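Novice: give me the fold of what follows.
(one chain, ligands or ions: 2)
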Amino acid sequence: MCPNDQYSVGDDTAAPAVVRILGVCGGIGCGKSTACQMLVDPLGCIGLIDADKLAHKVYEPGSLVHNEIAAEFGSDLLSENGEIERSKLGAIVFNNAEAMSKLENLVWPHIRVKIEDRIKEMKRHATGAKHNIIVVEAALWLEAKSWHDLLDGLWVVQSSKSIAIKRLKDRRGMPECEAMNRIKAQEERGVGNLTRIEQEIEKNVVTRMITNEGGLENLRIELQSALDDPSSFKTQSRNECRQVDT
Ligand SMILES: CC(C)(COP(=O)(O)OP(=O)(O)OC[C@H]1O[C@@H](n2cnc3c(N)ncnc32)[C@H](O)[C@@H]1O)[C@@H](O)C(=O)NCCC(=O)NCCS
Ligand SMILES: Nc1ncnc2c1ncn2[C@@H]1O[C@H](COP(=O)(O)OP(=O)(O)OP(=O)(O)O)[C@@H](O)[C@H]1O
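Specialist: Ligands and ions are numbered 1, 2, ... in the order given. Okay, here's the model as predicted:
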């Protein structure tokens, strides 16, 4: 490790420590949000960044991509006061892979900047966490390869289709056909595909698979052992030889 290049966690008097960035992904209903929340509380990671929420900020009035999106997808998706209506945009792109790809090309670079800014902010305010880890939840980590240099580890939360459907039905009140449709749409993109996950593990892209097919206590135990196992992270932390962020 380079002694002068460590990130400082906490105030100036705190011992310097390396902060690792952990990506978490998985299919709909597999329990990734539950796992991410658990990693922070009770398991003691620094904090959680939700990429979906940050993505929504890209559309705020005055944002850089506002005009580009209106030009690409038409002014019909603007509200009376000129705001982008995400539900209208969703109706276009969730039914059209080419349109989704265009949207992703437009917005992903901006989402990445927001993720980086949030990481910097969290690092500045991180004090006394048990694990110097910032968790970044993004359903599409496996697709967003251009973001992988941000990561020190990528965990995929996995549960069988039948368990995911049951959870979405029982706990979210989602009709079974809707749960199946959403899972099918993700499967078409390879999300949750076990063979693909195993290939990504081979390539050291995915550093841990978290099986979430039992109860919440089982999930907690699974996450704790992943945190305790150095092989759940890339061998060399990407942060170990970098300049301190300001
Ligand atoms: C299309 C948009 C405007 C719809 O917004 P809306 O608020 O209606 O839906 P929301 O963002 O909550 O997404 C609903 C579900 O779809 C998933 N999802 C979002 N984007 C994508 C995508 N590109 N591909 C597959 N699933 C996606 C979300 O993870 C979530 O589970 C929005 O999802 C979006 O901007 N998507 C493109 C940006 C993106 O890739 N975001 C995900 C970052 S991980
Ligand atoms: N191990 C578990 N035991 C019991 N319930 C669980 C478990 N894991 C998740 N759940 C429940 O299943 C539902 C779906 O979980 P969660 O919201 O974490 O999934 P997700 O993968 O983030 O889904 P989405 O992609 O829709 O955001 C939630 O109501 C959650 O409380």
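Novice: hmm, who's touching the helix or strand bottoming out on mean pLDDT in the chain?
Specialist: Ranked by mean pLDDT, DSSP states H and E, the weakest helix or strand in the chain is helix 176-188, scoring a mean of 83. Counting contacts by Cβ atoms under 8 Å, 6 or more residues apart in numbering, the residues outside helix 176-188 that touch it are 27-29, 94, 139, 161, 164-165, 168-169, 192-193. Any C-beta I mention is one placed from the backbone N, CA and C, and that applies to glycine too.
Novice: show me just the buried residues among these.
Specialist: Neighbour counting with 16 or more other Cβ atoms under 10 Å marks 27-29, 139, 161, 164-165, 168-169, 192 as buried within the contacts of helix 176-188.
Novice: in a markdown table, list these along with pLDDT.
Specialist: Shown next, in a markdown table, are the buried ones among the contacts of helix 176-188 (pLDDT from 0 to 100):
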| residue | pLDDT |
| --- | --- |
| Gly27 | 90 |
| Ile28 | 89 |
| Gly29 | 91 |
| Ala139 | 89 |
| Lys161 | 91 |
| Ala164 | 92 |
| Ile165 | 91 |
| Leu168 | 88 |
| Lys169 | 89 |
| Gly192 | 79 |
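Novice: picking that back up, how far does the least confident helix or strand of the chain sit from the chain's center?
Specialist: When distances are taken as Cα atoms, centre = their mean, to the nearest Å, helix 176-188 is centred 20 Å away from the chain's centroid.
Novice: circling back to that earlier point, pull the most distant pair out of the buried ones among the contacts of helix 176-188.
Specialist: Spanning the widest gap among the buried ones among the contacts of helix 176-188 are Ala139 and Lys169, at 19.6 Å by Cβ to Cβ.
Novice: tell me the pLDDT at the residue sitting furthest away from the middle of the chain?
Specialist: The centre of the chain is farthest from one residue, Glu80, which by Cα atoms, centre = their mean lies 32.3 Å away. On pLDDT, Glu80 comes in at 90.
Novice: again, but for Asp11
Specialist: The model reports Asp11 with a pLDDT of 45.
Novice: go on, Ala71?
Specialist: On pLDDT, Ala71 comes in at 90.
Novice: and for it, the neighbour number?
Specialist: By the criterion of other Cβ atoms under 10 Å, Ala71 has 10 neighbours.
Novice: strands along the protein, start to end?
Specialist: 20-26, 45-50, 131-137, 153-158, 208-211 (DSSP state E).
Novice: adding mean pLDDT, write those out as TSV.
Specialist: Shown next, in TSV, are these (pLDDT from 0 to 100):
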stretch	mean pLDDT
strand 20-26	97
strand 45-50	97
strand 131-137	97
strand 153-158	97
strand 208-211	96
